[in-house]
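Engineer: please work out how this folds:
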Amino acid sequence: MAEQWLVHPNRSEIGPNKAGRNGHYRAARGRGRRLPQESCLARVVLPSSLADVADEDGSVTFAGENWSFVTGAARSFVRRHINEDTLAPFGFKRGGQWVYWDGTVAAESRHDGSGAATLVENYLRALFPRGTHIELAEQSPTAPATRRAASQERRA
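Structural biologist: Residues are numbered from 1 along each chain as shown. Sure thing, here's the model as predicted:
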């Protein structure tokens, strides 16, 4: 004997196709996930030739929950607005090893930790045109921001 199937009444209602009728699925709305804390920031003052893609003060700010996100956003910006043929990504994992833009290879990630801001600063200096002013800020959810300012004009 064949099994008998029961159909829920609202799945077979005749009538207009409206939410809540004819099998429309409505997800329960709860509190969404919190946005990640943007604890790493890089502010780059662009040359006047790029004023059309800069903020009112002539800069652009990249922010994210870690330096990997910040450098990825900065590289995408440069590829789109400055030079399509730009540096390799800051760092990525290949075959269990971390490979960095300058050709160095490491077993552990350099995206976080005490020296990460210096490496990010070097990457951004190589990524953006000479003479660009770069500021980095890093903050933990419990501590105030730590700021570093670097100008390529002084270091070039």
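
Engineer: give me the helices and strands touching the longest helix seen in the chain, please.
Structural biologist: The single longest helix within the chain, with elements called by DSSP state H, is helix 67-81. On a contact count with 3 or more CB pairs under 8 Å, 6 or more residues apart in numbering; DSSP states H and E, helix 67-81 meets strand 40-45, strand 59-64, helix 116-127. For glycine as for every other residue, the C-beta is placed from the backbone atoms N, C-alpha and C.

Engineer: pick the most deeply packed of these.
Structural biologist: strand 40-45 (a mean of 22; mean count of other CB atoms under 10 Å).

Engineer: report the angle between it and helix 67-81.
Structural biologist: Computed by axes from the mean of the first three to the mean of the last three CA atoms, to 10 degrees, the angle separating strand 40-45 from helix 67-81 equals 30 degrees.

Engineer: what is the rounded mean pLDDT of strand 40-45?
Structural biologist: The pLDDT scores in strand 40-45 average 94.

Engineer: that one vs strand 59-64, what angle?
Structural biologist: Counting by the same axes, to 10 degrees, strand 40-45 lies at 170 degrees to strand 59-64.

Engineer: just the residues contacting strand 40-45, thanks.
Structural biologist: 57-67, 69-71, 74, 120, 124, 128, 132-138, 145 (CB atoms under 8 Å, 6 or more residues apart in numbering).

Engineer: out of the helices and strands packed on helix 67-81, the one nearest Gln4 is which?
Structural biologist: Closest approach to Gln4 among the helices and strands packed on helix 67-81 is made by strand 59-64 (56.1 Å; CB to CB).

Engineer: re earlier: give me the helices and strands touching the next helix or strand after the longest helix of the chain, please.
Structural biologist: Moving toward the C-terminus from helix 67-81, the next helix or strand (DSSP states H and E) is strand 91-94. Using 3+ CB pairs under 8 Å, 6+ apart as the contact criterion, the secondary-structure elements in contact with strand 91-94 are strand 97-100.

Engineer: need the nearest residue in space to the spatially most central residue of the chain, chain neighbours excluded.
Structural biologist: Within the chain, the residue whose C-alpha comes closest to the C-alpha centroid is Phe69; the distance, by CA atoms, centre = their mean, is 3.7 Å. Setting aside the residues directly before and after it, Phe69 is nearest to Cys40 in space (CB to CB, 6 or more residues apart in numbering), at 7.3 Å.
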